[in-house]
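Colleague: Sequence unavailable; structure follows:
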């Protein structure tokens, strides 16, 4: 089963890890959608504006700093993902606790490494 993934905090800057994650997921044939502050496109994946509606999201992979993350709590919960990945530097123990209580798996890891190691 392919795990449709939302990259939260996507950027068109090729030096950003969120950009690399969209590309790596796409090249790994993992269905991917993206949300970022600036709309645009990464290898055929449209970057949608914040709080865009999506269905059947399995995984949300976070590339938003902890200072800005609280604004997205309800949005992420409303997507009803099975898993949320906190990439390095985005970890939020308080939100992880909320996610776990909602029955959502929490992973503190690097999406790029997970996909590269076929552990996604």
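Modeller: Thanks, I have it. The shown structure was predicted, so the numbers you read here are calculated from the model rather than taken from an experiment.
Colleague: wait, what's in contact with residue 61?
Modeller: By C-beta atoms under 8 Å, 6 or more residues apart in numbering, the contact set of residue 61 is 5, 6, 7, 8, 21, 84, 85, 87, 111. (Each C-beta comes from the backbone N, C-alpha and C, glycine too.)
Colleague: For the longest helix along the chain, name the packing helices and strands.
Modeller: Longest helix in the chain by number of residues (criterion: DSSP state H): helix 17-27. Secondary-structure packing of helix 17-27 (3 or more C-beta pairs under 8 Å, 6 or more residues apart in numbering; DSSP states H and E): strand 5-8, strand 32-35, strand 40-42, helix 111-116.
Colleague: mind checking which of those is nearest residue 69?
Modeller: Residue 69 sits nearest to strand 5-8 of all these, at 8.9 Å, using C-beta to C-beta.
Colleague: about what we covered before: residue 66: which of the contacts of residue 61 is nearest?
Modeller: Among those, residue 87 lies closest to residue 66 (C-beta to C-beta), at 11.5 Å.
Colleague: Touching, the closest one and residue 62? I think so.
Modeller: Yes - shown here, residue 87 and residue 62 form a contact pair, counting by C-beta atoms under 8 Å, at 6.1 Å.
Colleague: What are the contacting residues of stretch 11-22?
Modeller: Outside stretch 11-22, the residues that reach it (C-beta under 8 Å, 6+ apart) are 7, 9-10, 32, 34, 36, 38, 40-43, 45, 47, 61, 63, 87, 110-112, 115.
Colleague: Ends of that stretch, what's the gap?
Modeller: 9 Å (C-alpha to C-alpha, to the nearest Å).
Colleague: what's the answer for stretch 41-48, then?
Modeller: Taking C-alpha to C-alpha, the first and last residues of stretch 41-48 lie 9 Å apart.
Colleague: quick one: buried residues of it?
Modeller: Within stretch 41-48, the residues that count as buried by 16 or more other C-beta atoms under 10 Å are 42, 45, 47, 48.
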